[in-house]
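*Asks:* Build the 3D model from these lines:
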Amino acid sequence: MPATHKSSLNKNYLAVFAIILLASAALLLFTSFLFFKKTPEPLLLNSSPTKPPISDLPNWETYTNDELEYSIKYPQNMIYAQSGNDVGQIPNTVFYYQKYTGKYYAPVIGIDVYPNSEKLTLEQWLNRRKSDVDAAGSKIQQVEGKQLNVQRAGVRAQLPLFSYVEDLTAEDLRLHSYVFQKEDKVFLLYYSESTRYRDESLEPIFNRMLETLEFRN
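*Replies:* As a prediction, the model looks like this:
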């Protein structure tokens, strides 16, 4: 066999061997990637590994409103009172710490209920409230559409709602509110903040109470 022809064959063998070696290395890397790749865990919204289930909340009482057919849990070291301030408003319920009894603008958690005989949509009702609040010199801001998980007749259900911040300038108060509609009524749940009580935040308690809200139907 001529030397030139033999040299050409050797080069071809080397080229084929190099291609096979590279392909094998690539396959090994790809297989290792698949084997060691960690499957991402699903994102659980509103979850906390340290938060106990509702049924295990110690020292929580249950407030029941038979007329409106709902119940909600609240901490045992809080008390509640009922009043009606606005025209056409069903008597509301406020929860607060006993140490704030008789003190103005103390932080509270409130449940206001309004009749909706005009059958306004939730957005229409909120726009009307915004006009009334603006006319009174206060302001509604940061309106967001959300969903609220509630218990209805023993079944978890989602209700569309709006969350917003309401600044009551004259009273030096800020209300963090959730408003949703159920049949012919509008429910407004909120917690308040005041510059006089900056060290007291009811947000964690409020969010926990929302999870316990239950309707009979």
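*Asks:* Under the pLDDT cut-off, which ranges of the protein? List them.
*Replies:* Regions of the chain meeting the criterion pLDDT under 70 cover residues 1-58, 84-89, 199.
*Asks:* could you pull out the helices for it?
*Replies:* In order along the chain, the chain carries the following helices (DSSP state H): 3-36, 122-135, 203-212.
*Asks:* chain center to stretch 130-139, what's the gap?
*Replies:* Relative to its parent chain, stretch 130-139 has a centroid offset of 26 Å by CA atoms, centre = their mean, to the nearest Å.
*Asks:* Send over that stretch as PDB, restricted to the C-alpha atoms.
*Replies:* Included here for stretch 130-139 are C-alpha records, laid out as PDB according to Å, rounded to 0.1, in the frame of the first residue of the first chain:
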ATOM      1  CA  LYS A 130     -64.600  56.900  46.900                       C
ATOM      2  CA  SER A 131     -66.600  60.000  45.900                       C
ATOM      3  CA  ASP A 132     -68.100  60.200  49.400                       C
ATOM      4  CA  VAL A 133     -64.700  59.800  51.000                       C
ATOM      5  CA  ASP A 134     -63.100  62.400  48.700                       C
ATOM      6  CA  ALA A 135     -65.900  64.900  49.500                       C
ATOM      7  CA  ALA A 136     -65.300  64.500  53.200                       C
ATOM      8  CA  GLY A 137     -61.600  65.500  52.700                       C
ATOM      9  CA  SER A 138     -60.200  62.000  52.900                       C
ATOM     10  CA  LYS A 139     -58.700  59.800  50.200                       C
END
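*Asks:* Would you mind listing the buried residues in that stretch?
*Replies:* If you call a residue buried by 16 or more other CB atoms under 10 Å, then stretch 130-139 has these buried ones: Lys130, Val133, Ser138. For the C-beta atoms, the positions are set from N, CA and C on the backbone; glycine is no exception.
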